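Colleague: the sequence and its predicted three-dimensional model are supplied below.
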Amino acid sequence: MAKIRVEIEVPDGKYCRTCEYCKYVASDFAVCHLFDNAIILQEFSKMPERCWKCIQAEVEDEQCNS
């Protein structure tokens, strides 16, 4: 079976506030639709941090490009 490589750009940095795949569900809860993960906000004013799968995918990509 053939494999297709897809590259999706997400914001750099620790937070995913401007990522089109991160959606706020409530004042203390967001969802990463790219990796189907819940992002729980610890404080009302805290921005959502990138989920572990998103961070890990970036690390794996950097290792492949080395």
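Modeller: Great, that's in hand.
Colleague: what number of residues lie near residue 41?
Modeller: For residue 41, the tally of surrounding residues (other CB atoms under 10 Å) stands at 16. No exception for glycine: its C-beta is placed from N, CA and C like everyone else's.
Colleague: skipping its backbone neighbours, what lies nearest residue 24 in space?
Modeller: Leaving aside its chain neighbours, residue 24 sits nearest to residue 30 (5.0 Å; criterion: CB to CB, 6 or more residues apart in numbering).
Colleague: and the one you found, what element?
Modeller: If you go by DSSP states H and E, residue 30 is part of strand 29-32.
Colleague: now do residue 9
Modeller: Counting by DSSP H and E, residue 9 is found in no helix or strand.
Colleague: if I look at it, how far off is residue 57?
Modeller: 12 Å (CB to CB, to the nearest Å).
Colleague: what about those two, which has more around it?
Modeller: Between residue 9 and residue 57, counted using other CB under 10 Å, residue 57 has the larger neighbour count: 16 against 7.
Colleague: residues in contact with the more buried one?
Modeller: Shown in contact with residue 57 (CB atoms under 8 Å, 6 or more residues apart in numbering): residue 35.
Colleague: shift numbering so it begins at 31
Modeller: Taking 31 as the first residue, the last one we looked at is residue 87.
Colleague: run through the residues that contact the closest residue to residue 55 other than its chain neighbours.
Modeller: Excluding the flanking residues, the one nearest residue 55 by CB to CB, 6+ apart is residue 61, at 5.6 Å. When contacts are counted by CB under 8 Å, 6+ apart, residue 61 touches 52, 53, 55, 67, 68, 69.
Colleague: which strand residues bridge the last one?
Modeller: The residues listed as beta-bridge partners of residue 69 by DSSP bridges are residue 60.
Colleague: give me the pLDDT value at it.
Modeller: On pLDDT, residue 69 comes in at 87.
Colleague: where along the chain do the helices fall?
Modeller: 82-95 (DSSP state H).
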